[in-house]
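[1] Generate a structure from the sequence data that follows.
(4 chains, ligands or ions: 2)
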Amino acid sequence: MQYRPEFEAALRVCSACNYHDRMDAAERIALLLDEPKSFIEIDADITAADPIEFVRPSGSYMDRVGKARALTNRNEAIVCGTGLLNERRVALGVMEFGFIAGSMGSATGEKITRLFEMARRDLLPVITVTSSGGARQDEGLFALMQMARTTAAAARLREVQIPHICVMADPTLAGVTASFAATADIIIGEPGATIRFAGSRVVKGTIRRRSDVEDHTSEWVQQHGMLDLVLARQELRDTLAQLITHLAPVGHTRNLKPKTQPATTPKPN
Amino acid sequence: MQYRPEFEAALRVCSACNYHDRMDAAERIALLLDEPKSFIEIDADITAADPIEFVRPSGSYMDRVGKARALTNRNEAIVCGTGLLNERRVALGVMEFGFIAGSMGSATGEKITRLFEMARRDLLPVITVTSSGGARQDEGLFALMQMARTTAAAARLREVQIPHICVMADPTLAGVTASFAATADIIIGEPGATIRFAGSRVVKGTIRRRSDVEDHTSEWVQQHGMLDLVLARQELRDTLAQLITHLAPVGHTRNLKPKTQPATTPKPN
Amino acid sequence: MLDFEDDLNEIRDRIEQLDRKALQNPNSGVTQELSVLRLELEARTADVYSNLTPWQRVQLARHQERPHTLDYIDRLFPDFVELHGDRRFGDDPSVVAGLASFDNISVVVVGHQKGRTTAENLERNFGMARPEGFRKALRIFGLAETFNRPVFTFLDTPGASPTLEDEERGQSWAIAENMGTLARLRVPVITTVIGEGGSGGALALGIGDRVLMMEHSIYSVASPEAAAAIVWRDSKYAEKAAAALRLTSADLLHAGLIDRVVPEPEGGAHRDHNAAAENLGEELRTTLKELRKQDIDTLVESRYDKYREMGEFAHHETSATG
Amino acid sequence: MLDFEDDLNEIRDRIEQLDRKALQNPNSGVTQELSVLRLELEARTADVYSNLTPWQRVQLARHQERPHTLDYIDRLFPDFVELHGDRRFGDDPSVVAGLASFDNISVVVVGHQKGRTTAENLERNFGMARPEGFRKALRIFGLAETFNRPVFTFLDTPGASPTLEDEERGQSWAIAENMGTLARLRVPVITTVIGEGGSGGALALGIGDRVLMMEHSIYSVASPEAAAAIVWRDSKYAEKAAAALRLTSADLLHAGLIDRVVPEPEGGAHRDHNAAAENLGEELRTTLKELRKQDIDTLVESRYDKYREMGEFAHHETSATG
Ligand SMILES: [Zn+2]
Ligand SMILES: [Zn+2]
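    Ligands and ions are numbered 1, 2, ... in the order given. A predicted model of the protein is given here:
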């Protein structure tokens, strides 16, 4: 085990074994953007409703959401907005695993859909970072339908030549892998991240951080042809910048502000 | 072994073991069309030139072509034209294996390309029947380029919503499998037909009629997802008629004559 | 088979006995008793079926005698030609796909296919599609678009096949690509849940301009057993989970997640395939007529808008500070 | 290595010896002898290379020190990001593909990749692509079209991989689909044969608006060994076959099957990767400029017309009677 501050400085990567520890959304945003303060969050106030009034033995869905909110200081399992990467404004959606295992409910889906819609309207390249247990059971079929609508919103980007690059962080499972994430134009895995379809039955709960088997790591998934790249965190920003330069529409190269106001008042991050 | 006339009557299919013997182009045309006399051949006069002046130990390429012509009474390894199938005019190209192992040279490629171009112009669904050893070595790179241009001509059909259905008969190998044939919208294999990429090195010469192994039969190839159907000869015409009804442009249903004259004078077959 | 039918089955047995008796001896005087029993059966069936619990519907949706995709194709789609293979890797019998006629036009049909016997189910992988099944469907959706033919899909799966081999060939990628393609397909797409609509494996064939459900079918984010295992830490609680998940056609129509419920014949579709198919056929005809009136750009954008609305969320003003 | 270079190598060895001597003892008076030898080497190299037989060119085209796709990418395509995988089955290292810069715009680069050492060649399968290599290329061609980026492809393969496993995953289908896609791709496509252009495996990456060949590369319907085995029933006759097949850049330019020959530095591209890349870079820049002037519909139809003309045939009036 490492001396802690050094580990933090190293982007939560262990210099001895290359273990990539999970980052929260704020850390991730700081990692990816030129400067964290270039981030303008959108839709921060969107949060879960209780469409099927689901109750677990451990409490109601709304209790769970409340605890997640207290734990993460977020209203949902994804943080969305725009920011500068290599001086170009990009749309950025980063999942917050600490919020109910990054699971995708209606509010999560709404935020992702709005992110893609904003990118389409303002011609911004999109970067998503996934870390999720999959669809959020507590919303029943509403949760499943988030797969449909986020994927539909992502599919429309291609029609206006806007690239979507997805970074699959640990873990990317089930309903998130099998929707907007897997349809990205370029997919990058983080070293050692668990990426799989069969999520919940194998990766139990939110405590266990990595698969015991090597079967479903980024490296394994890449060998099977599903990922473009597996990139160490240290290389991530530069490569994303290159990819965006290569794919993004010509003539939108620097410091472009969103053309229209986001649906909710942006808050500096 | 069967009593011969019965075998002929049974479309060259052995009633005991379902062996599908090779048919020549005329037999095939009679099998597929409502009546053989509905067939209007095009480009019957197109024949091989000698683009690289190729000479084998056994003689010149032109000698080979001459012998093939005498043997088959055809000028090339494919017979092209239009005919009525279920009262609808279709474009039909049937390879003649007896003509230099059905190999594809410039003249073969020219005829196939013209067939696709006519179909595109006159909005006729296309049926091809392949039986070929692959690209014709005697024409060097000219032969390879026939893969490119026949495939390009086939690809343009899709843009005008004209279906191409390919029947892969024994054998369909190498440069023919890997070009216009494999890009067809629907692909049907004949029972027991050898279908493979690695043609010439495995299936030696033109005498051997079936692979010793079961590896590359229609049935095997279908199991691996490459063929839509494997159909006994007895079912072929009816199924083709159904498929064409389902895929062909609406409003061109009966007895449509080619809109323009074919490039060479049609001859009744 | 269905334990909530025990009472009904007793009456059915009695009717069968009397029928045999009447056949052997036309003067046995059981005619009246038979009419009474038949009326009673009808009344009690209506009673049972109008008060089914969610768990009972799960059992009905999975009933092995329930009509599957090919049963509906047989009855509603003449001139069906099944097409095989993904042109990449294999042919997956758990998905059937092909061209057919419907209401005098040519259409494309794709659906999950369960077996009825054990042997059939092994061949069909219990309706759990593999990546090559989804990719076969994808190819056929492509044909539909190229040749401008409407698409009908039928959902009947416990979920996508989850084995290591399926992961190897990119099960998530196959599902996602199908959803993205269906969402933007430039022909009308009508989807019907005919039995079990299970999770992403259903959705991979299930994004359409209209989503119908057979009355006793279910549609769920996870099977009740899986949800019970996750939420209650024991699959014994499947019945509880079935209720909590709101997976019945009535609940989902109420929630606005589906467009129409197709009534099943008294006693369930498994008792009368023809009647079930007739009801479905009528709905499909009406729906297709509706959709064919729209120009294709409008249709595709309406499809987007339809899914755009599927979600209930709230606003919480004391937001994160990032 | 190359037996026709034996004489040249003798002179090279002698030059090296004298160079060492001169280095050890600056007054050894070998300077004049060295200049003479250098002039002689130049003259004899020019002589040998202006009279290469087809078989000698085959050997050059296959030379292990010859620049391969990644060598050209290193020198001509800055900001290269390699992309992996077909999103279906695997990642095939015998095909490299990615995004890069060229002449200040972003482009797509795809090529066969041979190794130099045995270990590398085993990893790269000697440049023989598997179906998943072609399908990776297909996916990247799709990216090029979606994002409107020109495509450069580089051909360097003995042919497509022909094993049973490749047949299982549809080698013919993979090749054919790529050809059909390239033929209609709605961005400029520039193809260069840099080494061995072998059969359908080359063509699967090789349909373009312009086809260039490096001076000493070859392009053939079959390898000379395979043609010898088929035609002369013995692969010993490969040298004879190499001549008969007309596979050199000069022959193919003359035949109208390629558009341009890129000169190689004296003694072959393997002697000076930088010079070879510089020559190629210049041709690619000129060619891309030409193509970018055309609107895309014209470009795609011109591409069709270009291949439309590739064939020599005759008419024979005493036709078949059917
Ligand atoms: Zn460590
Ligand atoms: Zn027999």
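[2] just the helices in the stretch 151-269 of chain A please.
    In the stretch 151-269 of chain A, the helices defined using DSSP state H, counting those that start in this stretch lie at A:174-176, A:218-223, A:233-247.
[3] Need those in JSON lines (columns: mean neighbour count, distance to C:Ser50 and mean pLDDT).
    (Each C-beta comes from the backbone N, C-alpha and C, glycine too.) Converted to JSON lines, the helices of the stretch 151-269 of chain A look like this (neighbours: other CB atoms under 10 Å in any protein chain shown; distance: least, CB to CB, whole Å; pLDDT from 0 to 100):
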{"stretch": "helix A:174-176", "mean neighbour count": "32", "distance to C:Ser50": "34", "mean pLDDT": "96"}
{"stretch": "helix A:218-223", "mean neighbour count": "21", "distance to C:Ser50": "49", "mean pLDDT": "96"}
{"stretch": "helix A:233-247", "mean neighbour count": "19", "distance to C:Ser50": "57", "mean pLDDT": "96"}
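[4] got those as TSV, with distance to D:Gln64 columns?
    Below are these laid out as TSV (distance: least, CB to CB, whole Å):
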stretch	distance to D:Gln64
helix A:174-176	46
helix A:218-223	27
helix A:233-247	31
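[5] quick one: which of these is nearest chain D?
    helix A:233-247 (3.9 Å; CB to the nearest CB).
[6] That closest one vs chain D: in contact?
    Yes: Helix A:233-247 lies within reach of chain D by CB under 8 Å from any CB of the partner chain, at A:Thr239, A:Gln242, A:Leu243, A:Thr245, A:His246, A:Leu247.
[7] Name the surrounding residues that touch that helix.
    The contact list for helix A:233-247 (CB atoms under 8 Å, 6 or more residues apart in numbering or on different chains) reads A:11-13, A:20, A:31-32, A:85-86, A:88, A:90, A:125, A:127, A:163, A:165, A:167, A:185-186, A:188, A:190, A:229, A:231, D:79, D:81, D:99-101, D:106, D:143, D:147, D:149.
[8] again, only using 6 Å
    Residues outside helix A:233-247 that contact it (CB atoms under 6 Å, 6 or more residues apart in numbering or on different chains) are A:11, A:13, A:20, A:32, A:85-86, A:125, A:163, A:165, A:186, A:231, D:79, D:81, D:99, D:106, D:147.
[9] between the helices of the stretch 151-269 of chain A, which gets nearest to ligand 2?
    helix A:218-223 (46.7 Å; CB to the ion).
[10] As CSV, could you dump the C-alpha coordinates of the closest one?
    Provided in CSV are the C-alpha atoms of helix A:218-223 (Å, rounded to 0.1, in the frame of the first residue of the first chain):
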residue,chain,number,x,y,z
SER,A,218,-11.0,-3.9,-20.0
GLU,A,219,-8.0,-5.8,-21.3
TRP,A,220,-10.1,-9.0,-21.8
VAL,A,221,-12.9,-7.1,-23.4
GLN,A,222,-10.5,-5.3,-25.7
GLN,A,223,-9.0,-8.6,-26.8
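[11] That helix packs against which elements?
    strand A:229-230 (3 or more CB pairs under 6 Å, 6 or more residues apart in numbering or on different chains; DSSP states H and E).
[12] what's the spacing between the strand it packs on and its chain's center?
    Averaging C-alpha positions (CA atoms, centre = their mean, to the nearest Å) puts strand A:229-230 16 Å from its chain's average.
[13] partners of it in the sheet?
    strand A:186-189 (parallel) (DSSP bridges).
[14] In chain A, which strand is the longest?
    Using DSSP state E, we find that the single longest strand of chain A is strand A:164-173.
[15] Briefly note if that strand comes near chain C.
    No: Strand A:164-173 lies apart from chain C when judged by CB under 6 Å from any CB of the partner chain; the minimum separation is 8.7 Å.
[16] what's in contact with that strand?
    With CB under 6 Å, 6+ apart, strand A:164-173 has contacts from A:126-131, A:133-134, A:154, A:157, A:181, A:184-190, A:193-196, A:199, A:203, A:243.
[17] Which secondary structure element is home to C:Arg116?
    Using DSSP states H and E, C:Arg116 maps to neither a helix nor a strand.
[18] how much space between it and C:His270?
    Separation of C:Arg116 from C:His270 (CB to CB, to the nearest Å) stands at 11 Å.
[19] Which one's more surrounded, these two?
    With neighbours defined as other CB atoms under 10 Å in any protein chain shown, C:Arg116 and C:His270 compare such that C:His270 has more, 19 against 13.
[20] and the nearest residue to that one once chain neighbours are set aside, how many neighbours?
    Closest residue to C:His270 apart from its sequence neighbours, by CB to CB, 6 or more residues apart in numbering or on different chains: C:Glu65 at 4.0 Å. The number of residues packed around C:Glu65, counting by other CB under 10 Å, is 13.
[21] what do you get for C:Ala46?
    Using other CB under 10 Å, the number of residues around C:Ala46 comes to 12.
[22] which residue does chain A bring closest to chain B?
    For chain A, CB to the nearest CB, closest residue to chain B: A:Gly225, 16.3 Å.
[23] Looks like that residue contacts D:Gly85 (just checking).
    Yes: using CB atoms under 6 Å, A:Gly225 makes contact with D:Gly85 at a distance of 3.6 Å.
[24] which residues are common contacts for the two?
    Counting by CB under 6 Å, 6+ apart, the residues touching both A:Gly225 and D:Gly85 are D:Asp91.
[25] for stretch C:229-248, which positions count as buried?
    C:229-232, C:237-248 (16 or more other CB atoms under 10 Å in any protein chain shown).
[26] Pick out whichever of those sits closest to chain D.
    Relative to chain D, the closest of these is C:Ile230; by CB to the nearest CB it sits at 29.0 Å.
[27] Distance of the closest one relative to A:Arg56?
    For C:Ile230, the distance to A:Arg56 (CB to CB) stands at 9 Å.
[28] Same question for A:Ile42.
    From A:Ile42 to A:Arg56 the distance is 31 Å (CB to CB).
[29] Between these two, which has more neighbouring residues?
    A count of neighbours by other CB under 10 Å puts A:Ile42 above the other of A:Ile42 and A:Arg56, at 24 against 16.
[30] Quick check: bridge partners of that one?
    A:Cys80.
[31] Can you check the pLDDT for it?
    A:Ile42 is assigned 98 on the pLDDT scale.
[32] Now do residue 92, the pLDDT please.
    Because you didn't say which chain, this covers chain A. Reading off the model, A:Leu92 has pLDDT 98.
[33] Can you look at chain C instead?
    The model reports C:Asp92 with a pLDDT of 98.
[34] C:Ile207 touches A:Thr150, doesn't it?
    No: between C:Ile207 and A:Thr150 there is no contact under CB under 6 Å: 12.0 Å.
[35] Those two: who's more crowded?
    Set C:Ile207 next to A:Thr150 and count neighbours by other CB under 10 Å: A:Thr150 wins out with 30 against 27.
[36] A:Val129 versus that one, what's the distance?
    From A:Thr150 to A:Val129 the distance is 14 Å (CB to CB).
[37] now swap in A:Thr47 and tell me
    Going from A:Thr47 to A:Val129 by CB to CB gives 20 Å.
[38] which residue does chain A bring closest to ligand 2?
    A:Gly225 (43.5 Å).
[39] wait, what's in contact with that residue?
    Neighbouring residues of A:Gly225 by CB under 6 Å, 6+ apart: D:Gly85, D:Asp86, D:Arg88, D:Phe89, D:Gly90, D:Asp91.
[40] That one and D:Arg130, how far apart?
    Distance from A:Gly225 to D:Arg130, counting by CB to CB: 11 Å.
[41] Next: C:Leu155.
    Distance, C:Leu155 to D:Arg130, using CB to CB: 35 Å.
[42] Tell me which of those two has more neighbours.
    C:Leu155 (29 against 25).
[43] so the more buried one makes contact with C:Ile207?
    No: using CB under 6 Å, C:Leu155 makes no contact with C:Ile207, being 10.7 Å away.
[44] Per-residue pLDDT of the residue of the stretch 101-250 of chain C found nearest chain D, please?
    Nearest residue of the stretch 101-250 of chain C to chain D, counting by CB to the nearest CB: C:Trp173, 5.4 Å away. At C:Trp173, the predicted lDDT confidence score is 98.
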